[in-house]
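Trainee: I would like to see how this sequence folds:
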Amino acid sequence: MKSFMIQGAKILATGSAIPSSSTTNHDISTIVQTSDEWIFTRTGIKERRLLKGVDQSIIDLAVSASKKALDKIAMHPSQLDLVILATSSPDDLFGSASKIQSKIGASNAVAFDLTAACSGFVLSLVTASQFLYTGAYRNILVVGADTLSKWIDWSDRSTCILFGDAAAAVILQSCSIVDNSVLTFQLNSDGNYANHLSIAYETDIIPHPKLNLHQGYFKYISMNGKEVYKFAVFQVPLSILKCLNSLNMSIEEVDWLLLHQANERILNAIAEKLSISSKKIISNLCKYGNTSAASIPLALDEAIKQNKILSNDIIVIAGFGAGLTWGTVVLRW
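Mentor: Numbers count the residues shown, from 1 in each chain. A predicted model of the protein is given here:
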């Protein structure tokens, strides 16, 4: 961990929000050639939540998740110093964090978006921690939210079965170094493989008739599933082991493995490479599919609600996805 730590950081509260509309594998099978069995055996997904209402947006989900987190600790929004929105699907290309800041009443907070796709929450968690370590801020809201259903080609079976919409939030606060819960992190990117998972910009061939200016549009999600699988199963265990080694911590000391909820096969393969029991994997992929930047905090919030995570538990969090970008954070709860 490269930082000049004056103090530590700890997670005070979590919250999450999902669309009310559930879309099952059977529903998907009515629009593309597939089946519940085919999808489940290959991904571990049974259903996903999709934001269908024209009057609802990613902002609504993010605001709801944020308010739930604030309510859990009775924190007034004005106490927040910073709001970070991890998303790849803002409702405004210029960013959506400031809308969340306004709607929750965080009048004293600066707000910005952080785009790193499925790794977005991990990078945002690390970014927030740096502000807390240096004493620049005291209370930070990190929201992971994505509505990738808006960017899916629903005739493409390789992608339309995977993604769902959701938002989840965590509130971090500065603390003494003794009470620090963000123990270490490790982040990586490799743009050589960016084309394996992208929402690419397509430039029009015909320019503007008077300005000779080529404009364009963003296309749907494109993914090379086999390459993403190989990348995740190879790189994520290395990142996790590097973090644990830096702490002189063994695999046996890990209580929970919380990975980006991309595909059950990936989760199991990473756990197997690390020799971590499947009983230590936190997963809600079956119910929500791949919710991108929301997947890790959504699963974390549910695990806390289910009283799975206890005080002093060691949680290894790892995100991976488009960029290609991946990273690990080790927490002591």
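Trainee: tell me which residues of stretch 219-233 are tucked away?
Mentor: Within stretch 219-233, the residues scored as buried using 16 or more other CB atoms under 10 Å are 220, 221, 223, 225, 228, 231, 232, 233. Just so you know, the C-beta spots here come from the backbone N, C-alpha and C atoms, and that holds for glycine as well.
Trainee: show me the contacts for the residue nearest the centre of the chain.
Mentor: Geometric centre of the chain, nearest residue: residue 293, 2.2 Å, by CA atoms, centre = their mean. Residue 293 sits next to 86-88, 116-121, 124, 144-146 when contact means CB atoms under 8 Å, 6 or more residues apart in numbering.
Trainee: in a helix, that's where it is, yeah?
Mentor: Yes - checked against DSSP: H, G, I helix; E, B strand; the rest coil, residue 293 lies within a helix.
Trainee: Distance check, it against residue 73.
Mentor: With distances taken as CB to CB, to the nearest Å, residue 293 is found 23 Å from residue 73.
Trainee: which residues are in contact with stretch 239-248?
Mentor: With CB under 8 Å, 6+ apart as the contact definition, stretch 239-248 has outside contacts at 1, 183-186, 188, 250-251, 253-254, 270, 274, 316, 318, 326-330.
Trainee: pLDDT on it, on average?
Mentor: Taken as a whole, stretch 239-248 carries a mean pLDDT of 97.
Trainee: next one: stretch 5-22
Mentor: Per-residue pLDDT over stretch 5-22 has a mean of 93.
Trainee: quick one: it to chain centroid distance?
Mentor: Chain-centre distance of stretch 5-22: 11 Å, with CA atoms, centre = their mean, to the nearest Å.
Trainee: Stretch 166-176 too?
Mentor: With CA atoms, centre = their mean, you get 13 Å for stretch 166-176.
Trainee: Now the two most distant members of the contacts of residue 293.
Mentor: Greatest spacing in these, by CB to CB: 119 and 145 (14.4 Å).
Trainee: now the residue nearest to the centre of the chain: how far from residue 306?
Mentor: Using CB to CB, residue 293 is found at 22 Å from residue 306.
Trainee: Now do the contacts for residue 56.
Mentor: residue 19.
Trainee: switch the cut-off to 10 Å
Mentor: 19, 20, 21, 147, 165 (CB atoms under 10 Å, 6 or more residues apart in numbering).
Trainee: which residues of this structure fall in helices?
Mentor: For the chain, the helices defined by DSSP state H occupy 25-29, 36-43, 58-72, 97-104, 120-133, 157-160, 225-246, 264-274, 285-288, 295-305.
Trainee: ok so, going back, comparing residue 119 and residue 145, which residue is more hemmed in?
Mentor: Taking other CB atoms under 10 Å, residue 119 and residue 145 do not tie; residue 145 has more neighbours (38 against 28).
Trainee: is it true that the more buried one touches residue 19?
Mentor: No - counting by CB atoms under 10 Å, residue 145 sits too far from residue 19 to count as a contact (11.5 Å).
Trainee: where do the contact lists of these two overlap?
Mentor: With CB under 10 Å, 6+ apart, residue 145 and residue 19 have common neighbours 60, 61, 165, 166, 167.
Trainee: sorry, back to before: reformat the buried residues of stretch 219-233 as JSON lines; add distance to residue 176 and pLDDT.
Mentor: Listed next are the buried residues of stretch 219-233 as JSON lines, based on distance: CB to CB, whole Å; pLDDT from 0 to 100:
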{"residue": "220", "distance to residue 176": "48", "pLDDT": "95"}
{"residue": "221", "distance to residue 176": "43", "pLDDT": "95"}
{"residue": "223", "distance to residue 176": "44", "pLDDT": "94"}
{"residue": "225", "distance to residue 176": "45", "pLDDT": "92"}
{"residue": "228", "distance to residue 176": "40", "pLDDT": "95"}
{"residue": "231", "distance to residue 176": "38", "pLDDT": "96"}
{"residue": "232", "distance to residue 176": "36", "pLDDT": "96"}
{"residue": "233", "distance to residue 176": "38", "pLDDT": "97"}
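Trainee: These into TSV, with extra columns for distance to residue 96?
Mentor: Conversion of those to TSV gives the following (distance: CB to CB, whole Å):
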residue	distance to residue 96
220	20
221	19
223	24
225	28
228	26
231	28
232	27
233	32
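Trainee: picking up where we left off before, would you mind listing which of the contacts of stretch 239-248 are buried?
Mentor: Buried subset of the contacts of stretch 239-248 (neighbour count, 16+ other CB under 10 Å): 1, 183-186, 188, 254, 270, 274, 316, 318, 326-330.
Trainee: domains for the chain, by residue range?
Mentor: What automatic domain parsing lists as the domains of the chain is 8-179, 182-332.
Trainee: Comparing those, which stretch has the densest surroundings?
Mentor: Comparing these by mean neighbour count (mean count of other CB atoms under 10 Å), domain 8-179 comes out on top with a mean of 20.
Trainee: State the distance from residue 160 to residue 149.
Mentor: Per CB to CB, residue 160 is found 9 Å from residue 149.
Trainee: list residues touching both of these two?
Mentor: Joint contacts of residue 160 and residue 149 (CB under 10 Å, 6+ apart) are 23, 48.
Trainee: related to what we said a few turns ago, looking at the contacts of residue 56, which are in strands?
Mentor: 147, 165 (DSSP state E).
Trainee: Among the contacts of residue 56, which pair sits farthest apart?
Mentor: Across those, the longest distance by CB to CB is 13.7 Å; it joins 20 and 147.
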